[in-house]
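**Q** here is a sequence together with a model predicted from it:
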Amino acid sequence: MKLKNFRMTKSGNYLNNYELTYINKAGNDKVYEMVSREKYKDVNDVGKKTAGVIIAAFTNDGEEEKILLVREFRMGVNEYVYAFPAGLSDADETVEQTAARELKEETGMEISEITDVLRPAYSCTGITDEKTVVVFCKSKGNISECTFDDEDITAGLYTKEEVKTLLAEKTFSARTQAVCYLWIKGGKLYD
């Protein structure tokens, strides 16, 4: 595929729409639409910025290991979804600083140890260029209510048996669903 044209079609408060015209293998135009949090002037900048973090946090305070999940109302799908705490990075903030801040803001808990940080990965390549970093960590502290007016988030710590039930009955974000599935199947997600 060869890019022929790139233009913004709508500038929004949270997302910007773009139209990309490619020349396909048959030599015909293929028009594709995408959204981004960024305002681009040059197609070469698409996908270069990492937007934020996803925090896969676990606890083990002498009892059964638990995973920290949030149940959050997501406006884009008009329903509650189980996911990991996550958020956008502030200017000049490191991945570790973003993870610590977002975990505290959304759940009240703190990072006790970061066990792994994955490379930035695209969230949904079919519609957006947004990239996030998954941070695996151990967490400590007590859960408290998220107090942001525009966020409807309830945090909880779940055992493998509880997550197995949630996976069978509730809606998840894709990455969280995959990690939870591997976790309940005995996958080792941190050292």
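**A** Nice, I can see it.

**Q** Three-state assignment for residue 97, please.
**A** helix (DSSP: H, G, I helix; E, B strand; the rest coil).

**Q** ok, which stretches of this protein are helices?
**A** 95-107, 160-169, 174-184 (DSSP state H).

**Q** nearest to residue 135, out of those helices?
**A** helix 95-107 (4.3 Å; CB to CB). Placement of C-beta: from N, CA and C, glycine included.

**Q** can I assume residue 139 is in contact with residue 59?
**A** Yes: the pair residue 139 / residue 59 is scored as a contact, 5.5 Å apart, by CB atoms under 8 Å.

**Q** can you pull out the low-pLDDT segments for this structure?
**A** Within the chain, the segments meeting pLDDT under 70 span 62, 187-191.

**Q** span of stretch 15-34 from start to end?
**A** 10 Å (CA to CA, to the nearest Å).

**Q** how much space between the residue nearest to residue 17 when sequence neighbours are not counted and residue 45?
**A** Computed as CB to CB, 6 or more residues apart in numbering, the closest residue to residue 17 that is not its neighbour in sequence is residue 10, at 4.1 Å. Noted for residue 10: a distance of 18 Å to residue 45, by CB to CB, to the nearest Å.

**Q** which one's more surrounded, the two?
**A** Using other CB atoms under 10 Å, the more surrounded residue of residue 10 and residue 45 is residue 45, with 13 against 10.

**Q** next, count neighbours for the closest residue to that one other than its chain neighbours.
**A** Excluding the flanking residues, the one nearest residue 45 by CB to CB, 6+ apart is residue 38, at 7.3 Å. Neighbour count for residue 38, taken as other CB under 10 Å: 17.

**Q** what do you get for the one 5 residues further on?
**A** By other CB under 10 Å, the residues close to residue 43 number 13.

**Q** again with the one 4 residues further on
**A** Neighbouring residues of residue 47 were enumerated by other CB under 10 Å; the total is 17.

**Q** excluding chain neighbours, what is closest to it?
**A** residue 129 (4.2 Å).

**Q** cool, residue 117 as well?
**A** residue 135 (5.3 Å).

**Q** one step back: who has more neighbours, residue 139 and residue 59?
**A** residue 139 (23 against 17).

**Q** what sits opposite residue 172 in the beta ladder?
**A** residue 82 (DSSP bridges).

**Q** change the start of the numbering to 809 and stick with it
**A** Let's use 809 as the start, then, which means that last one is residue 980.

**Q** separation between it and residue 901?
**A** On the measure of CB to CB, residue 980 and residue 901 end up 27 Å apart.

**Q** so those two - more neighbours on which side?
**A** residue 980 (19 against 16).

**Q** now do the more buried one against residue 933, distance only.
**A** 19 Å.

**Q** how about residue 837?
**A** 21 Å.

**Q** and if you look at residue 942?
**A** Counting by CB to CB - residue 942 and residue 933 are separated by 16 Å.
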